[in-house]
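Visitor: build me a model:
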Amino acid sequence: MDRMSYGVRMALTAVAALALGVVCPARAASLTERSALASGTSARASDFSRVEVGLVTAMTGFVDPILLTHAGDGSRRLFIVEQRGVVKISKRGQVLPSPFLDLQSRVLSGGERGLLGLAFHPEHAHNRKFYLFFTEVGSGDLIIAEMRASLRNRDRARPRSFRRLLRVPHRKHANHNGGMLAFGTDGLLYIATGDGGGAGDPDNNAQSRTSRLGKLLRIDVDGRSGGLAYRIPPTNPHATSTTFKREIWARGLRNPFRFSFDRRSGDLWIGDVGQNRFEEVDRATQASGGGGAVNFGWRLLEGRACFQPPSDCNRAGKQAPLTVYDHAQGCAVIGGYAYRGPIKGLRGAYLFSDVCSGKIWSVVAEGAARQRKVLMAETDLPISSFGESETGVLFVTALDGNVYRLTATRR
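Guide: Residues are numbered from 1 along each chain as shown. All right, here's what the predicted structure looks like:
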């Protein structure tokens, strides 16, 4: 597949440019550059400079893997999501021959669409519930659904358990769907939606009070209220509003394809894909409210720069990104995780990447509110996502069909 068509299939940007044919191991980058962190940060650029990061092949043979996660049930199984609508399991180091779930009949896949998210209920070991984010065949709408694993065989989903919780209309454009969902430390389900597509958010969905697009939504899947298939948490910032959609937790996002929670601090991290100039990583600390009622700025701002209008934009009440990079360094940010795994030298680094450049960067997870990223490794991989195991081992999925495990050694 040529470079341009590969990027279109990737779906994070129309200009993704990576070939599938050759995959090289990660190359350690120089981590001693003076500009690694912004002035005034509480962390030094050399914090991770003695660590050599690499990737080793962990699993092969997938079709467009775009997410890896775990069930949190003590089984140590890994669940690998394929964009086409299939979820596979790696168990004791082996990929099982039968998929956990095949949802292809419901999933509209291709470009930026597909089965984009999977999250397991915090009590999955007892209730067998898990949650899906996908684009629907026929409509293109964003669907959040609940299912259960089989009682007799936990390695298989129960097809008849499908229950739609939420539909977000998304019919004008095929791009900017968002796609991530995850449970926070509060036990509530967070859902990241894109702005609905079209260059520059033409409908201004990300700032709109009445649209669920371009938002981080927050719902309680363990209850129901007001005729909904879920409950509006009373602690949502707009829980009783008559002007805001009550599910809205935060707004001003363009295409938050991947977000995560720091398993130690509970801090929220978002990789928000930019328009033509800048990619950004946002952080909302637990201490500051975890992102509740935060406006991340799009479409008024792209990164830290005015977008619409192109100058003299109103920055009041907008939270600036923690770190930003321009399109000379990539084309679409892939949000990652604050590393809390077994590699001591990497603990406390938030790691993220870009689908076009294949580079892996870090910032200090508990560092200043504004930082410059540190280049940790360069790869030739079309990285589509990061994923954690139950014990905090970090993996990346790539559109060459493989899953890689992150490694690090002392220099």
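
Visitor: that's a helix at Gly297, yeah?
Guide: No: Gly297 is assigned coil when assessed by DSSP: H, G, I helix; E, B strand; the rest coil, not a helix.

Visitor: what's the local residue count around it?
Guide: 29 (other C-beta atoms under 10 Å). C-beta here means a position set from N, CA and C on the backbone, and glycine is covered the same way.

Visitor: please begin residue numbering at 14 from this point
Guide: Sure, I'll start numbering at 14, so the last one becomes Gly310.

Visitor: that one touches Gln332, doesn't it?
Guide: Yes: in this structure, Gly310 is within contact of Gln332 by C-beta atoms under 8 Å, at 7.0 Å.

Visitor: so what touches the helix or strand hosting Ala263?
Guide: Per DSSP states H and E: Ala263 is located in strand 261-264. The contact list for strand 261-264, computed with C-beta atoms under 8 Å, 6 or more residues apart in numbering, reads 203, 219-222, 225, 227-231, 249-251, 297, 304-309.

Visitor: break down the stretch 114-263 of the chain into its helices, ranges please.
Guide: Along the stretch 114-263 of the chain, the segments classed as helices by DSSP state H, counting those that start in this stretch run 137-140.

Visitor: which residues in it form strands?
Guide: Taking DSSP state E, counting those that start in this stretch as the criterion, the stretch 114-263 of the chain carries its strands at 114-115, 128-133, 142-148, 155-162, 170-181, 191-196, 202-206, 228-232, 261-264.

Visitor: give me the pLDDT value at Val64.
Guide: What the model reports as pLDDT for Val64 is 81.

Visitor: now the closest residue to it other than its chain neighbours: phi and psi?
Guide: Nearest residue to Val64, sequence neighbours excluded (C-beta to C-beta, 6 or more residues apart in numbering): Gly358, at 4.3 Å. The phi/psi pair for Gly358 (degrees, to the nearest 10) reads phi -70, psi -10.

Visitor: and the pLDDT at Gly358?
Guide: On pLDDT, Gly358 comes in at 91.

Visitor: just to check, it is in contact with Glu65?
Guide: No: if you go by C-beta under 8 Å, Gly358 and Glu65 don't touch, sitting 9.2 Å apart.

Visitor: intersection of neighbour lists for those two?
Guide: Shared contacts of Gly358 and Glu65, defined by C-beta under 8 Å, 6+ apart, comprise Ala421, Arg423.

Visitor: about what we covered before: report the strands that pair with the next helix-or-strand element following the strand holding Ala263, each with its relative direction.
Guide: As assigned by DSSP H and E, the chain's next helix or strand after strand 261-264 is strand 271-274. Here strand 271-274 is paired, per DSSP bridges, with strand 281-285 (antiparallel).

Visitor: and the spatially most central residue of the chain, what does it touch?
Guide: With distances taken as C-alpha atoms, centre = their mean, Arg271 lies nearest the centre of the chain, 1.0 Å away. Neighbour list for Arg271: Gly192, Met193, Ala205, Ile283, Gly284, Ile347, Gly348, Gly349, Ser398, Phe399 [criterion: C-beta under 8 Å, 6+ apart].

Visitor: what bridges to it?
Guide: Gly284.

Visitor: what's the closest of the contacts of Arg271 to Lys101?
Guide: Here the nearest of the contacts of Arg271 to Lys101, counting by C-beta to C-beta, is Ser398; it sits at 14.5 Å.
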